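A.B. asks: okay, structure incoming, though there's no sequence with it:
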Ligand code: C2O
Ligand code: CU
Ligand code: CU
């Protein structure tokens, strides 16, 4: 069941052309549409300064050869059979284990996705990244606490035929992290072309809980794409408008497959769900309204499970769930995304499936009987002790140390009116190692404007999933929008936020304010913070922050 651009949709789009022209008129020239033909990608690099020559600064890491695991990771053009008929041209990560347990890499079958990397906390990991793509790239380990030069900053991009050596210790707690490219201006098209994979960390704390594992631990990445009549990926056919609003596909893929169905047993499973989409927000729900039991978020397990009627998941966010399928034994269960409002101006984007539309995400086929003995509890006590204590601290709204306002200026999404420059970091983006701060994100146009929405008249702003590199933070709190329309939009998603636990990405609906508490530990250097709507990121809604000793 593939959607293609319909005439009805074309007409709907052309109705917007006046507005599009208005936006384009006040916007610096960015490139337009790109189609993945053969070669799969025509460059859509946004206006950005030329990248410096790759500097792979020697560190403690590279002088050591004590790695527990050594991997080779390549990015390469490939073809995958996604639909019957013509295979789809993609760009793909491929990997080999050069040293250590071969189970560290698990390929995702029949998919463009990169292999799932599974490591243990405390392991030292060496990864040699090379690529065979016609444009620069670099890999970022989303959510990991690693030295700045191991983090995949765009100033470290390499070209075809070059390699980048990563070596770092796994300091993160057990959790669901992921990896994807991070070259400036072209992260969106590269992720879209297929470059992404899970990075799962296990540790003893998690092991002691006896959570579902093996076939009962299921990573699921949800993405959206547009395919043309020849089964090829299409990116940003509406050019500038897709960049301003974020590009939305009309075909939902789970683990790289359309109409994805997973067979499960009528017992408890652990589902790790990643929103790996460029800009789509999901509002996940079971059709019968059964609530979700959430046991973890971006940075690992919670102190205690929490329940949600539905889950609001912005780009790059993860939720870790325990689902007891026994109540649906013998049935087919559809995971849905429910409708919500405030997904973007002009009704939520240019797609035939706007941000905020409802649709089926995937199906679970639940067997009648349990084939394996049921080893798992439905509801487990989770963290206690130091982790819980660390997280419980400081949950009151405070005077923030830094405020970052998200808004549109001169036709560009900005953070405090600034856009990305490769090496630039302002004095108010410099923080001190070993300190703790509260940062406040404000999704509002300054001076009483309508709020992050490109000024008045655009329908009340856009959501921005804000991501901070190099660390996991805690969400101190949120303040709902004061504007009535924005408040009404916010009401349609707010019960699905999971603000507990450790996070690296936080979704702000238009008009919202969020405070996060972060601690700068172990490493100095330049790290990124940005909107993880990848089209926004690519057009410069990203900045460096610098940790100094
Ligand atoms: Cu998932 Cu800076 O990125
Ligand atoms: Cu990241
Ligand atoms: Cu954004």
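C.D. replies: Perfect, I can see it now. Being a predicted model, the structure only gives us computed values, none of them experimental. Ligands and ions are numbered 1, 2, ... in the order given.

A.B. asks: now the helix or strand harbouring residue 220, how far from the centre of its chain.
C.D. replies: Applying DSSP states H and E as the criterion places residue 220 in strand 217-227. Its chain's average C-alpha position is 11 Å from that of strand 217-227, according to CA atoms, centre = their mean, to the nearest Å.

A.B. asks: what's it packed up against?
C.D. replies: Identification of packing neighbours for strand 217-227 by 3 or more CB pairs under 8 Å, 6 or more residues apart in numbering; DSSP states H and E yields strand 197-202, strand 233-235, strand 251-254, strand 261-264, strand 268-275, strand 359-366. Where you see a C-beta, it was placed from the backbone N, CA and C, and this is true even at glycine.

A.B. asks: report the angle between that strand and strand 359-366.
C.D. replies: 140 degrees (axes from the mean of the first three to the mean of the last three CA atoms, to 10 degrees).

A.B. asks: so what are the sheet partners of strand 217-227 and their directions?
C.D. replies: If you go by DSSP bridges, strand 217-227 pairs up with strand 233-235 (antiparallel), strand 251-254 (antiparallel), strand 268-275 (parallel).

A.B. asks: chain center to the shortest one: distance?
C.D. replies: So the one you mean is strand 233-235. Chain-centre distance of strand 233-235: 19 Å, with CA atoms, centre = their mean.

A.B. asks: quick one: mean pLDDT for it?
C.D. replies: Regarding strand 233-235, the rounded mean pLDDT is 96.

A.B. asks: can you show me the helices along the stretch 301-450 of the chain?
C.D. replies: Remark: helices assigned in the stretch 301-450 of the chain by DSSP state H, counting those that start in this stretch are 345-348, 386-392.

A.B. asks: which bits of the stretch 351-500 of the chain sit near ligand 1?
C.D. replies: 467, 469 (CB under 6 Å from any ligand atom).

A.B. asks: likewise for the stretch 101-250 of the chain?
C.D. replies: Neighbours of ligand 1 within the stretch 101-250 of the chain, by CB under 6 Å from any ligand atom: 140, 142, 180, 182.

A.B. asks: farthest pair within the residues you listed?
C.D. replies: Using CB to CB, the two most remote members of these are 142 and 182, lying 8.9 Å apart.

A.B. asks: mean pLDDT lowest for which of the helices of the stretch 301-450 of the chain?
C.D. replies: helix 386-392 (a mean of 47).

A.B. asks: who's in contact with the closest residue to residue 218 other than its chain neighbours?
C.D. replies: Take residue 218 and drop its neighbours on the chain: the residue closest to it by CB to CB, 6 or more residues apart in numbering is residue 271, 5.3 Å away. Contact analysis of residue 271 by CB atoms under 8 Å, 6 or more residues apart in numbering lists 218, 220, 320-323.

A.B. asks: hmm, try it at 10 Å
C.D. replies: Contact partners of residue 271, counting by CB atoms under 10 Å, 6 or more residues apart in numbering, are 212, 216-220, 262, 264, 292, 295, 319-323, 335, 364.

A.B. asks: how close does residue 476 get to ligand 1?
C.D. replies: 22 Å (CB to the nearest ligand atom, to the nearest Å).

A.B. asks: isn't that residue up against residue 517?
C.D. replies: Yes: between residue 476 and residue 517 there is a contact under CB atoms under 10 Å: 5.3 Å.

A.B. asks: right, and the strands paired with strand 217-227 - which one's nearest ligand 3?
C.D. replies: Ligand 3 lies closest to strand 268-275 among the strands paired with strand 217-227, at 14.0 Å (CB to the ion).

A.B. asks: next, the angle from the closest one to strand 197-202.
C.D. replies: Using the same axes, to 10 degrees: strand 268-275 against strand 197-202 is 140 degrees.

A.B. asks: quickly run through the sheet partners of the helix or strand following strand 268-275, with directions.
C.D. replies: Following strand 268-275 in sequence order, the next helix or strand is strand 282-285 (DSSP H and E). The strands that strand 282-285 pairs with in its sheet are strand 311-313 (antiparallel), strand 332-337 (antiparallel) (by DSSP bridges).

A.B. asks: straight-line length of stretch 300-318, end to end?
C.D. replies: With CA to CA, to the nearest Å applied, stretch 300-318 spans 9 Å between its terminal residues.

A.B. asks: mind showing which ranges of the stretch 51-200 of the chain have poor pLDDT?
C.D. replies: For the stretch 51-200 of the chain, applying pLDDT under 70 flags the ranges 51-65.

A.B. asks: close to ligand 2: what parts of it are there?
C.D. replies: Residues of the stretch 51-200 of the chain found near ligand 2 (CB under 5 Å from the ion) are residue 142.

A.B. asks: what do you get if the cut-off is 8 Å, keeping everything else the same?
C.D. replies: By CB under 8 Å from the ion, the residues of the stretch 51-200 of the chain that approach ligand 2 are 140-143, 151-152, 182.

A.B. asks: before we move on, what about the chain?
C.D. replies: Neighbours of ligand 2 within the chain, by CB under 8 Å from the ion: 140-143, 151-152, 182, 316, 467-469, 504-505, 528, 532.

A.B. asks: so who does residue 121 touch?
C.D. replies: Counting by CB under 10 Å, 6+ apart, residue 121 has contacts 169-175, 201-206, 300.
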